[in-house]
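Student: okay, predicted coordinates and the sequence, questions at the end:
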Amino acid sequence: MKINKKIMKSSVILACVGLVCLSLSACSGGSPAQAKETKPEIVNAVPVEVARAARSEIAASYNGTATLTADHEAQVAAKTSGVLVKLFVEEGQSVKAGQVLAQLEQDTARAKLAQADAQMRKANASFNYSEKAIQKQLIPQRDYDQTKFDMQNLRAAYEEARLNLQFTTIVAPVDGVIAERSVKLGNLIQTNQNLFRIVGMDPLQAVLNVPERQLGILKAGQPVTLEADALPGQKFTGNILRIAPVVDSNSGTFRVTCEFRDHSGTLKPGMFGRIGIVYDQRADALTVPRSALVEEDGETAVFVVDKATDKPVDDKKDGAKKDEPKKEAKVADANKGDAKPAAPGLVAHRRLVKVGYADGDKIEIRSGIDAGTQVITVGRNAVRDGTAVQVLNADKDKQVAQKSVEEKKG
């Protein structure tokens, strides 16, 4: 009996403990599922940088590379033989057409000219006698004809001797700069030997091989600009001199010859340059940085930053993908101690755009967004439609926008 009383007493104590535990659980305020629902949701925001779509001037241009060449170039060769006795120019010196460059010895040429002159005078005298004699029929016609032909032959020999004496003085055939001197004083010069190379420095030309799709756009007389690799920071202007009327079937290109006049002599033949041809301009185009564009599935889009909303996103208006759910941006990541909290309510939306001209880092937007729209330029590869974002350069973007407004008012 005593054992049964002890067992009953223990059962009563256990039952009381169970009731106390149930009471405490009821007072704790609901089930674990309800507690999980009341815990605030935390969303990680992607850090991005943005720029505003703004109106600015943009130009459509074709850019290519070419090597500068001289408009004219001449190899000065000797037209007679002789010893070189004088040099009047050196490499790098500018010369004009007709200017004396060098002198060959003239003694031999003068002696030959004197001999030819004497023979010609003798032949002239014989012909004059024959002409009078034939009129009186004192000599046969054959003798008259012979003296006539001899006279003509010796006159030609005299003219050749005179030219050889003239050719001992070497002159420049064109304007330009002495690019090369191939002989030295005292050299025995042979006929047709190269003595100097003269290169024209103004104007200079550059030939571009342009794709055939530009054939109807580029015209003779259009202005062009040149930036030479050897002269950083300097720009030179010129124009299209001529355009080839045919397209090379092998390369699919046509030749465009550009001309540059540089009276300062800064540009040199052989320099490698980058040439730009502007063929259209828009004074008030809507532009965004090139880094904002996203090429995907044959479409061009940008990611814009908007305030979050509970309203459903119109896929057609925003260019969003149907199978990508919209996410509401919230303050993020308690685990990152150094991270700044995201601005509440900022999300990225994908917008399809139609692009126009490209000018350096600027791209013209024909449709899809409006002026002042914030587009993501840095971090766009890490976002999708509806992704919560944190704008890192918000203050700088506001300053740029304010400056743009002030410039328009001014």
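Tutor: Nice, I can see it. Numbers count the residues shown, from 1 in each chain.
Student: what's in contact with stretch 146-160?
Tutor: 113, 116-117, 119-120, 122-124, 126-127, 129-130 (CB atoms under 8 Å, 6 or more residues apart in numbering). In short, each C-beta sits where N, CA and C put it, glycine included.
Student: of those residues, buried ones?
Tutor: Buried subset of the contacts of stretch 146-160 (neighbour count, 16 or more other CB atoms under 10 Å): 113, 116, 119-120, 123, 126-127, 130.
Student: secondary structure added to those residues, as a markdown table?
Tutor: Shown next, in a markdown table, are the buried ones among the contacts of stretch 146-160 (DSSP: H, G, I helix; E, B strand; the rest coil):
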| residue | secondary structure |
| --- | --- |
| 113 | helix |
| 116 | helix |
| 119 | helix |
| 120 | helix |
| 123 | helix |
| 126 | helix |
| 127 | helix |
| 130 | helix |
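Student: closest one of those residues to residue 81?
Tutor: Ranked by distance to residue 81 (CB to CB), these are led by residue 113 at 15.0 Å.
Student: wouldn't the closest one be in contact with residue 167 here?
Tutor: No: look at residue 113 against residue 167 with CB atoms under 8 Å: they stay out of range, at 11.7 Å.
Student: okay, now the domains of this structure?
Tutor: The chain breaks down by automatic domain parsing into domains covering 46-58+285-409, 62-71+200-283, 106-167.
Student: can you tell me which of the ones you listed is nearest to residue 95?
Tutor: domain 62-71+200-283 (10.7 Å).
Student: now the terminal residues of the closest one, how far apart.
Tutor: Length of domain 62-71+200-283, first residue to last, CA to CA, to the nearest Å: 18 Å.
Student: could you do stretch 169-183 as well?
Tutor: Calculated as CA to CA, the first-to-last residue distance of stretch 169-183 is 15 Å.
Student: check the secondary structure at the residue nearest the centre of the chain for me.
Tutor: Geometric centre of the chain, nearest residue: residue 63, 4.0 Å, by CA atoms, centre = their mean. In three-state terms, and counting by three-state DSSP, residue 63 is strand.
Student: nearest to residue 189, of the domains of the chain?
Tutor: Closest to residue 189 of the domains of the chain is domain 106-167 (CB to CB; 10.4 Å).
Student: so where do the helices sit in the stretch 251-400 of the chain?
Tutor: 315-318, 394-409 (DSSP state H, counting those that start in this stretch).
Student: lowest average confidence across these, which one?
Tutor: Among the helices of the stretch 251-400 of the chain, helix 315-318 carries the lowest mean pLDDT, at a mean of 42.
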